[in-house]
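Asker: Fold the following, please.
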Amino acid sequence: MNAIPRIKDWLGLSTTQRNHPRYVELIVASSGRTAFTLRLNIYYLHWAVAGLALMATLWLGGLAWAAYDHYANSDALDHMDEMALQVRELEQHNSDLTQSRTALAGHYQDMLNKLDNLESKVRQLATRYHLGDQAKSGTSAPVGGMGGIAYPVEPNAGMSMMQQQTQSRIVSLNQALDRIMARPHGWPIAGAEITSHFGVRANPFGEANLEFHKGLDFSAAFATPVQVTAPGVVVAAGFAGANGNLVEVDHGYGYRTGYAHLSLVKVKVGETLKAGQVIGLLGNTGRSTGPHLHYAVFINNELVDPYPFIE
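Answerer: Numbering: from 1, shown residues only. As a prediction, this is how the structure comes out:
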């Protein structure tokens with residue numbers, strides 16, 4: 001309650017102070033000079049001190065505000081830097097996604113090209129070897145109408161599913177191609193003469209009886225190279241009684257071929273062969289009337305006529 005009158009009295013605002021001012025006198029003297037008195041009105045002195053205090057308060061407030069503003073701006077700049085970094089990362093991510101999609105599209109197109117080539121090759125080989133089912137399994141672009149209920153698919157998921165489907169078709173076509181290539185085809189001796197077909201024939205040794213011949217006999221010059229008619233693995237190689245020197249090759253998918261009466265065997269059991277590889281030389285070993293090759297074809301361990309396979 002007494003604080004305000006005291007402040008007014010200190011500042012010289014009271015009636016008494018205004019009517020009866022007070023002074024502070026300072027005597028200033030120096031050697032060799034006349035001393036003089038400096039009189040300061042306490043009323044004005046108090047106001048000067050109050051003004052200086054106010055200025056100091058304002059200066060300190062401004063300094064504090066500048067410090068706060070610098071801190072706030074610095075934090076905002078840091079936040080802006082973080083946002084700029086996030087924007088750059090998003091732009092890079094979008095660029096990576098675009099490149100990834102482009103690469104996926106190119107990879108898918110490569111798969112489609114490979115699929116078309118495989119289908120064409122399967123059709124050609126199937127037609128060549130009269131394999132109707134295999135020819136149908138490799139069809140190209142559909143001809144005619146298409147339809148049915150459409151179920152939308154998200155683009156990325158759709159691309160992935162299409163790649164999987166295409167890869168599955170490629171695997172199926174490769175399997176079909178492997179089955180076709182495993183099928184014996186062609187002549188085991190180029191330019192040879194067929195001297196005996198598959199089936200019933202007269203006894204070639206002059207005996208008055210008939211016998212069933214389970215293969216094809218090819219006649220050519222002694223030691224003519226004999227070629228395997230499909231890729232496969234040698235399962236027999238050596239002397240085999242009436243068959244003489246014999247080579248048997250397993251081609252997979254139930255196919256097996258035999259080459260009998262050889263003069264020389266040039267492969268061994270377990271060896272992997274390519275189609276057309278020489279497996280021995282034509283000879284006259286075993287039950288034979290002269291130099292020739294007995295060629296046999298097995299399907300699932302059953303002997304069949306080799307003639308359709310050499311066409």
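
Asker: When you work out contacts or count neighbours from here on, use the C-alpha atoms and nothing else.
Answerer: OK.

Asker: what about residue 27, distance to residue 34?
Answerer: As defined by CA to CA, to the nearest Å, residue 27 lies at a distance of 11 Å from residue 34.

Asker: How about the secondary structure of residue 73?
Answerer: helix (DSSP: H, G, I helix; E, B strand; the rest coil).

Asker: Is residue 30 part of a helix or strand, or is it coil?
Answerer: Assignment for residue 30 (three-state DSSP): coil.

Asker: I meant to write residue 167 there.
Answerer: On the basis of three-state DSSP, residue 167 is classed as helix.

Asker: And residue 187, its phi and psi?
Answerer: phi -90, psi 140 (degrees, to the nearest 10).

Asker: An error on my part: the question was meant for residue 228.
Answerer: The phi/psi pair for residue 228 (degrees, to the nearest 10) is phi -70, psi 140.

Asker: my guess is it contacts residue 278, does it?
Answerer: Yes - using CA atoms under 8 Å, residue 228 is in contact with residue 278, at 6.4 Å.

Asker: Those two: which is more packed in?
Answerer: residue 228 (26 against 19; other CA atoms under 10 Å).

Asker: need the contact list for residue 277.
Answerer: Shown in contact with residue 277 (CA atoms under 8 Å, 6 or more residues apart in numbering): 227, 228.

Asker: Check residue 206 too.
Answerer: Residue 206 neighbours (CA under 8 Å, 6+ apart): none.

Asker: could you check the distance from it over to residue 289?
Answerer: 10 Å.

Asker: How is the chain divided into domains?
Answerer: Following automatic domain parsing, one finds the domains of the chain at 3-66, 91-135+156-182, 193-310.

Asker: how about the helices in the stretch 101-250 of the chain?
Answerer: 132-137, 155-182 (DSSP state H, counting those that start in this stretch).

Asker: Now do the same contact list for the closest residue to residue 310 other than its chain neighbours.
Answerer: Using CA to CA, 6 or more residues apart in numbering and skipping residues adjacent in sequence, the residue nearest residue 310 is residue 186, 4.2 Å away. When contacts are counted by CA under 8 Å, 6+ apart, residue 186 is found next to 229, 309, 310, 311.

Asker: In helices, which of those appear?
Answerer: By the criterion of DSSP state H, membership of the contacts of residue 186 in helices covers 309, 310.

Asker: From the contacts of residue 186, list just the buried residues.
Answerer: For those, a neighbour count by 16 or more other CA atoms under 10 Å gives the buried set as 229, 309.

Asker: confidence score at the residue nearest to residue 310?
Answerer: Model confidence at residue 186, given as pLDDT, is 92.

Asker: right, so the domains of the chain: which one is the most enclosed?
Answerer: domain 193-310 (a mean of 19; mean count of other CA atoms under 10 Å).

Asker: Bridged to residue 217, which residues?
Answerer: residue 196, residue 294 (DSSP bridges).

Asker: show me the contacts for it.
Answerer: Counting by CA under 8 Å, 6+ apart, residue 217 has contacts 194, 195, 196, 197, 292, 293, 294, 295.

Asker: Identify the residues contacting the last one.
Answerer: It stands for residue 295. With CA under 8 Å, 6+ apart, residue 295 has these contacts: 188, 215, 216, 217, 218, 257, 258, 259, 260, 306.

Asker: ok, longest strand in the protein?
Answerer: Longest strand in the chain, counting residues (DSSP state E): strand 255-265.

Asker: so that strand versus helix 155-182, what angle?
Answerer: Calculated by axes from the mean of the first three to the mean of the last three CA atoms, to 10 degrees, strand 255-265 forms an angle of 50 degrees with helix 155-182.
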